[in-house]
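S.K.: take a look and give me a structure for this.
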Amino acid sequence: MTEEERQVLEFVRRFHQVCLEEQDMEQVGQMISDDIEWTGAGRYNRVNGRENILNAFEADQNGKKYDYQILSADYAVSLLAGHIYSFSGSCYVRGKREVLEDGERVVRATGICRFEDGVGSMMRLHHSLPNRAWESDLQRMTQEDVRVLRSLVGLQSKELEEKNSNLDALIQNIPGGVICCRDDEDLELIFYSDGFLKMFGYTRDEMETVLENKFSRMIVPEDLQSTRLDVIRQMKNGNTKEIEYRVICKDGSYLVIQDNGQLVMRDGQPVFYCILIDITERRKADEELKMSLERCQIILNQATDIIFEWDIKSDTLTCSPNWIKKFGYQAIRDHISEEVLRRGNLHNDDKKIFVQMQKEVLLGSPYGENEIRIATKDGRFIWCRVRYTLQTDQDKRPARAIGLIADIDKEKREKERLLELAEQDSLTGLYNRGAVQTLIQRYVVKALPSDRCALMILDVDNFKKVNDIYGHLSGDAMLRDIADMLRRLFPENAVLARVGGDEFAVLLYHVRTLGEVEENADGILKNFRSILRQQKDIISCSIGISIAPENGDNFASIYKNADAAL
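M.R.: You can find the predicted model right below:
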């Protein structure tokens, strides 16, 4: 006898105890099905349905018709189909009221009940008493009960067969494998689908003979203990589990399995019903993705360039970690369009470039490159080259700008230094003739008619005598003194140059009157005399002045006229 059959016997005994001894109408209602058929000992004592049963039961109680004490009971049960059981037997009762004529009687009982997951429910019930006057009725009702029983069993068997067929079709089509195993050390398999066998490459005969249906033998030993602990932890919070572990296949390879299961009671024993899904490829993909992300992170950490991503829709910026290494503070993340301009991280002269670059991105420019200066934590500004590539969404609208920020500060300053050297006179540190030519040409091309400039050319007369009498070192010293004097006189708004051996030039911007220029020339002569006072009989200074645009609209004409005036 199985454990469930023993539980069914106990359910039948308890049912008769509730009905005959305790007469507890509420418990009776809980132990019968909605469509129960209950036949008693008399010809007309047949009642269908829970509500009618309870009404009849209540009427018998109010009429004080029955009141029994069960002296002994004996029943037998047998499985019909699924969780449907038939039972038959009798209980020996003694009446506790005077309305019982014979005092003690035997109550025969036959019926059908459903018993599943520890809960029973009466579906058909027939009670009869051994009374000769009722023998014909008993015989008729017994035959009728047999017919009803056969009909019910046939119906239940057909219904159960259909359900099993549907369930089997569902199980066989579930991706992966389906198993039912005991909750024990061996994880003994009670059931496994064809998909389970196909997944791991075994036959049913091999499962039974080689592995003895012990699922624990298939799990990679290193994973078995951790799997058990994980299940115990999850069972504390409910009766379901979701775990991952490796299972060894017949060919020696292994698969990574995701196990989704639920713990239920079967024949009085706890078992797991589980769906096993092969996630080996997904795990490999996850590992590859993890490795790829780690490689990217290593590259980001070692690269000197800063990688950034501007999410246009959310207006947020994400930068690689070496931003902090480079600038010493956290990059602005939110409201980039406003915050970059509001804070002092960008050089004032480069804010227009930044705004223009933003506009180009929003207008859909696929690529861009600019040079801007970004502040460090200590207030220095570093020249950086910003390159970006635009990403669009499915509607071809700008979505993200991804790019690099490269430190070009040394390169930029070296270039400026070389440019400065190319434009400078090595002796005096003033601009040379080529630089003055470029600056004049650039100014007159862009200048409005009202924007006047003046070019003064200074010549040290008889300078050769200084070199001849005092030597070239003294001559070089005098030229440097003249350069220093010009710097003192024109600290701003002027370009100072040495355009020949002993010739200098002063370019003045935004000149209003010729008289203003003549005053500047007089100032040069006065200061020149203080430098030349020891050699006043040897050398002197001459100045020629040319005004643009009156005396020319390009460098050649302006310089020629100033030289002529000289």
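S.K.: now stretch 124-131: average pLDDT?
M.R.: Per-residue pLDDT over stretch 124-131 has a mean of 75.
S.K.: and for stretch 507-524?
M.R.: Averaged across stretch 507-524, pLDDT comes to 89.
S.K.: neighbouring contacts of it?
M.R.: 436, 439-440, 443, 451-456, 458, 485-486, 489-490, 493-495, 497, 506, 541, 543, 545, 547 (Cβ atoms under 8 Å, 6 or more residues apart in numbering). For glycine as for every other residue, the C-beta is placed from the backbone atoms N, C-alpha and C.
S.K.: stretch 109-117 now?
M.R.: Contacts of stretch 109-117 (Cβ under 8 Å, 6+ apart): 4, 7-8, 11-12, 16, 33, 75, 80, 83-91, 120-127, 142, 145, 149, 152-153, 264-265.
S.K.: what about burial for these, which qualify?
M.R.: Burial by neighbour count, 16 or more other Cβ atoms under 10 Å: within these this picks out 4, 7-8, 11-12, 16, 33, 75, 80, 83-87, 89-91, 120-127, 145, 149, 152.
S.K.: hmm, back to that, buried subset of the contacts of stretch 507-524, written for ChimeraX?
M.R.: To isolate the buried subset of the contacts of stretch 507-524 in ChimeraX, counting by 16+ other Cβ under 10 Å, use the following:
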select :436,439,440,443,452,453,454,455,456,458,485,486,490,494,495,497,506,541,543,545,547
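S.K.: just checking, what packs against whatever helix or strand residue 444 lives in?
M.R.: Secondary structure from DSSP states H and E places residue 444 in helix 433-446. Here helix 433-446 touches helix 409-423, strand 453-461, strand 494-498, strand 503-508, helix 555-565, going by 3 or more Cβ pairs under 8 Å, 6 or more residues apart in numbering; DSSP states H and E.
S.K.: at 6 Å what do you get?
M.R.: Counting contacts by 3 or more Cβ pairs under 6 Å, 6 or more residues apart in numbering; DSSP states H and E, helix 433-446 packs against helix 555-565.
S.K.: any idea how many residues pack against the residue lying closest to residue 217 once chain neighbours are set aside?
M.R.: Of all residues not flanking residue 217 in the chain, residue 211 sits nearest, at 5.1 Å (Cβ to Cβ, 6 or more residues apart in numbering). As a burial measure, residue 211 scores 17 neighbours (other Cβ atoms under 10 Å).
S.K.: give me the distance between residue 405 and residue 22.
M.R.: 86 Å (Cβ to Cβ, to the nearest Å).
S.K.: sorry, wrong one. I was asking about residue 2.
M.R.: Separation of residue 2 from residue 22 (Cβ to Cβ): 28 Å.
S.K.: so what's the closest residue to residue 436 other than its chain neighbours up against?
M.R.: Closest residue to residue 436 apart from its sequence neighbours, by Cβ to Cβ, 6+ apart: residue 497 at 4.3 Å. Applying Cβ atoms under 6 Å, 6 or more residues apart in numbering, we find residue 497 in contact with 430-431, 436, 505.
S.K.: out of the residues you listed, which one has the weakest pLDDT?
M.R.: residue 436 (84).
S.K.: tell me which element the residue lying closest to residue 400 once chain neighbours are set aside falls in.
M.R.: Distances taken as Cβ to Cβ, 6+ apart put residue 391 closest to residue 400, at 4.3 Å, once the chain neighbours are dropped. Here residue 391 is covered by strand 381-392, with elements defined by DSSP H and E.
S.K.: return the alpha-carbon coordinates of that strand using PDB.
M.R.: Presented in PDB, the C-alpha positions along strand 381-392 are these (Å, rounded to 0.1, in the frame of the first residue of the first chain):
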ATOM      1  CA  PHE A 381      44.700  75.700 -19.400                       C
ATOM      2  CA  ILE A 382      45.800  72.800 -21.600                       C
ATOM      3  CA  TRP A 383      45.400  72.800 -25.400                       C
ATOM      4  CA  CYS A 384      43.200  69.800 -26.500                       C
ATOM      5  CA  ARG A 385      42.100  68.500 -29.800                       C
ATOM      6  CA  VAL A 386      38.500  67.400 -29.700                       C
ATOM      7  CA  ARG A 387      37.300  65.000 -32.400                       C
ATOM      8  CA  TYR A 388      33.800  63.500 -32.600                       C
ATOM      9  CA  THR A 389      31.800  61.100 -34.800                       C
ATOM     10  CA  LEU A 390      28.000  61.400 -34.800                       C
ATOM     11  CA  GLN A 391      25.600  58.500 -34.200                       C
ATOM     12  CA  THR A 392      22.000  58.800 -35.300                       C
END
